[in-house]
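Task: produce atomic coordinates for the following.
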Amino acid sequence: MVNLTTSTKPVSEKEIKRDWLEIDVSDKVLGRVAPKIAYFLQGKHKVNYVSYLDMGDYVVVINAKKIKVTGDKLEEKIYTRYSGYPGGLKKIKLGELLEKNPKEVIRHAVLGMLPKNKLRKKRITRLYVFEDANHPYKDKVKSVVV
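Model prediction:
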């Protein structure tokens, strides 16, 4: 006979504990690192993960200037944005954006890896990207992810 008194306890938002993780992306490929960052932002590495709650941790990414991309993406990959006005289409190549703002390249890649739902905006706000190894969250970081 099955014991019906013991069951899995549901997780509430009050029980969620967020840690601070640091990821060094120097000499790592952007397409390999972005899914790992999204994985930690969602909280999928936790034992009590549920998809309908925002359980992710804070992620601090360092050395964004030193990230690598494979193939000819530096010249061929183009980011576009449109203002809505005639002639308002702006295009920038990945190589130019890496020189100008490497933080935006990582943020854009991770944002594309997150599920497109109501929790997406809350999750991406917990991502902190820095161009070098100096950041103000050194005292909060508990673990370094390789």
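
Which residue ranges of the protein form helices?
All helices of the chain, identified by DSSP state H, fall at 30-42, 73-76, 94-100, 102-113, 120-124.

contacts for the second one?
Right, the one you point to is helix 73-76. For helix 73-76, the surrounding residues in contact (C-beta atoms under 8 Å, 6 or more residues apart in numbering) are 93-95, 98. From N, CA and C alone the C-beta is placed, and that goes for glycine too.

same question, the third one
For helix 94-100, the surrounding residues in contact (C-beta under 8 Å, 6+ apart) are 65, 67, 69, 73-79, 92, 104-105.

I figured Leu30 hits Ala109, correct?
Yes: between Leu30 and Ala109 a contact is recorded at 5.6 Å, counting by C-beta atoms under 8 Å.

Between the two, which has more neighbouring residues?
Per other C-beta atoms under 10 Å, whichever of Leu30 and Ala109 has more neighbours is Leu30, with 21 against 18.

re earlier: just the buried ones from the contacts of helix 94-100?
Under a neighbour-count criterion of 16 or more other C-beta atoms under 10 Å, the subset of the contacts of helix 94-100 counted as buried comprises 67, 69, 73-74, 105.

Present these as a markdown table; the columns should include pLDDT.
Written out in a markdown table, the entries for the buried ones among the contacts of helix 94-100 read as follows (pLDDT from 0 to 100):
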| residue | pLDDT |
| --- | --- |
| Ile67 | 96 |
| Val69 | 96 |
| Lys73 | 95 |
| Leu74 | 95 |
| Val105 | 97 |
